[in-house]
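Student: predicted model and sequence below, questions to follow.
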Amino acid sequence: MSRIGYARVSSIGQSLEVQLEKLNEAACDRIYREKRSGRTADRLEFKACMNYLRDGDTLIITRLDRLARSVVHLAQLAKRFEQEGIDLLVLDQNIDTSTSTGRLMFNMLASIAEFENDLRTERQAEGIAKAKENGVKFGRPPKLTDTKKQEIYSRRLAGATIGQLAKEFSLGEATIYRALKAAR
């Protein structure tokens, strides 16, 4: 019956120190740690942690949002933990699934976390739409101006090959083809 810790932050610039300190205080036998977005399924340390867990083990995390990508994912984990006899201890939110009250809190907080995430995504989409309405352009500015496109077209009519144009303008051949198509 091991106490297994899992710590995660979303980006390289963030620190795992606070989580690791709490997991060490919780007397974890082993701690998995990583700096990856929780939304991605490609979390190697998370997978290693899930593969390590056995019947009777307790998975310890600092907050519920450190664990799953969505409520559905969280529900899948909860079902697996229940079937395999693995308990979950969430330190900051005082959740212990070895108790009935802990299981209830776990499910309620998971639903609230999903709701908050959906609201955040909606607000972000609304902000982007409003910015576009106000003329804000997203992404990198175009490399080719209309003048350059016409120049490429003229050079092509004069007999330059696609490869020559790509070298001359420091562009990829696909970009040259797009420029020619747009200049017609």
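Tutor: Right, received. Where do you want to start?
Student: CA atoms for contacts and neighbours, from now on please.
Tutor: OK.
Student: who's in contact with the residue sitting furthest away from the middle of the chain?
Tutor: Within the chain, the residue lying farthest from the chain centre (C-alpha atoms, centre = their mean) is Ala158, at 49.3 Å. Ala158 makes contact with no residue under the criterion C-alpha atoms under 8 Å, 6 or more residues apart in numbering.
Student: against Ile176, how distant is it?
Tutor: Taking C-alpha to C-alpha, to the nearest Å as the measure, Ala158 falls 15 Å from Ile176.
Student: next one: Ser70
Tutor: The value you get for Ser70 to Ile176, if C-alpha to C-alpha is used, is 43 Å.
Student: also Leu74?
Tutor: 48 Å.
Student: pull out the buried positions in the helix or strand hosting Val18.
Tutor: Here Val18, judged by DSSP states H and E, is contained in helix 17-25. Going by neighbour count (16 or more other C-alpha atoms under 10 Å), the buried part of helix 17-25 is 19-20, 22-23.
Student: what's the answer for stretch 138-153, then?
Tutor: For stretch 138-153, using 16+ other C-alpha under 10 Å, the buried residues are 149-153.
Student: dump that stretch to PDB, restricted to CA.
Tutor: Extracted as PDB, the C-alpha positions of stretch 138-153 are listed here (Å, rounded to 0.1, in the frame of the first residue of the first chain):
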ATOM      1  CA  PHE A 138      -4.400  37.400 -35.400                       C
ATOM      2  CA  GLY A 139      -1.400  35.400 -36.500                       C
ATOM      3  CA  ARG A 140       1.800  36.400 -38.300                       C
ATOM      4  CA  PRO A 141       1.600  39.200 -40.900                       C
ATOM      5  CA  PRO A 142       1.700  37.900 -44.500                       C
ATOM      6  CA  LYS A 143       5.200  37.500 -45.900                       C
ATOM      7  CA  LEU A 144       4.100  38.500 -49.400                       C
ATOM      8  CA  THR A 145       2.700  41.900 -50.300                       C
ATOM      9  CA  ASP A 146       0.700  42.400 -53.400                       C
ATOM     10  CA  THR A 147       3.700  44.200 -55.000                       C
ATOM     11  CA  LYS A 148       5.900  41.100 -54.300                       C
ATOM     12  CA  LYS A 149       3.200  38.800 -55.700                       C
ATOM     13  CA  GLN A 150       3.100  40.900 -58.900                       C
ATOM     14  CA  GLU A 151       6.900  40.800 -59.100                       C
ATOM     15  CA  ILE A 152       7.000  37.000 -58.800                       C
ATOM     16  CA  TYR A 153       4.300  36.800 -61.500                       C
END
